[in-house]
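Asker: any chance you could fold what I've pasted below:
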Amino acid sequence: MVTHLTPLRKSAKGEDCTLNVAGVCNYDPSTTVLCHLPIIESAGMGQKATDLCACYGCNACHDWIDNRNGTNPYDERLFYAARGLVRTQRRMIEKGLIVVKGIAA
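Answerer: Next up is the predicted model:
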């Protein structure tokens, strides 16, 4: 399977984790990728969310938000996903990767 690296996906390289799950985050920017949030409307079974429904996450937080161990409460995942999404979009606006009319970077 070939993965297409969009500018938003590429922008995650070297970024700090915006999920910062308490007790989980490894704070290692070398492991950060663009984590597609599995709890957003645009995702579904076998379907990945759009790059706009994603956040910067270290490998530990990425595993946690994807609930790979099957034990992470939905409400906690929703909190961290929403917070990470806002933090990431703020960084993307600052970097000029997302342009929103009426908002100065």
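
Asker: what about the closest residue to D28 other than its chain neighbours, distance to V100?
Answerer: The shortest distance from D28 to any non-neighbouring residue, by C-beta to C-beta, 6 or more residues apart in numbering, is to C58 (5.6 Å). Quick note: C-beta positions are derived from backbone N, CA and C, even for glycine. Counting by C-beta to C-beta, to the nearest Å, the gap from C58 to V100 is 26 Å.

Asker: next: E94.
Answerer: From E94 to V100 the distance is 11 Å (C-beta to C-beta).

Asker: about what we covered before: so for C58 and V100, which sits in the more crowded spot?
Answerer: The neighbour comparison of C58 against V100 (other C-beta atoms under 10 Å) goes to C58, with 26 against 10.

Asker: just want the most central residue of the protein.
Answerer: C55 (1.8 Å; C-alpha atoms, centre = their mean).

Asker: what about the closest residue to that residue other than its chain neighbours, neighbour count?
Answerer: Once flanking residues are discounted, C55 sits nearest to G84: 3.5 Å by C-beta to C-beta, 6+ apart. Neighbour count of G84, defined by other C-beta under 10 Å: 23.

Asker: make 876 the starting number, not 1.
Answerer: Understood, numbering begins at 876; the last thing we discussed is G959.

Asker: contacting residues around stretch 932-944?
Answerer: With contacts defined as C-beta atoms under 8 Å, 6 or more residues apart in numbering, stretch 932-944 is touched by 892-896, 899-904, 906-910, 912-913, 947, 952, 955-956, 959.

Asker: ends of it, what's the gap?
Answerer: The straight-line separation of the ends of stretch 932-944 (C-alpha to C-alpha, to the nearest Å) is 17 Å.

Asker: related to what we said a few turns ago, now do the residue nearest to D903, the pLDDT please.
Answerer: The model reports C933 with a pLDDT of 98.

Asker: do the one 4 residues further on as well
Answerer: The predicted local confidence for H937 comes out at a pLDDT of 96.

Asker: neighbours of it, just the number please.
Answerer: Around H937 there are 22 residues (other C-beta under 10 Å).
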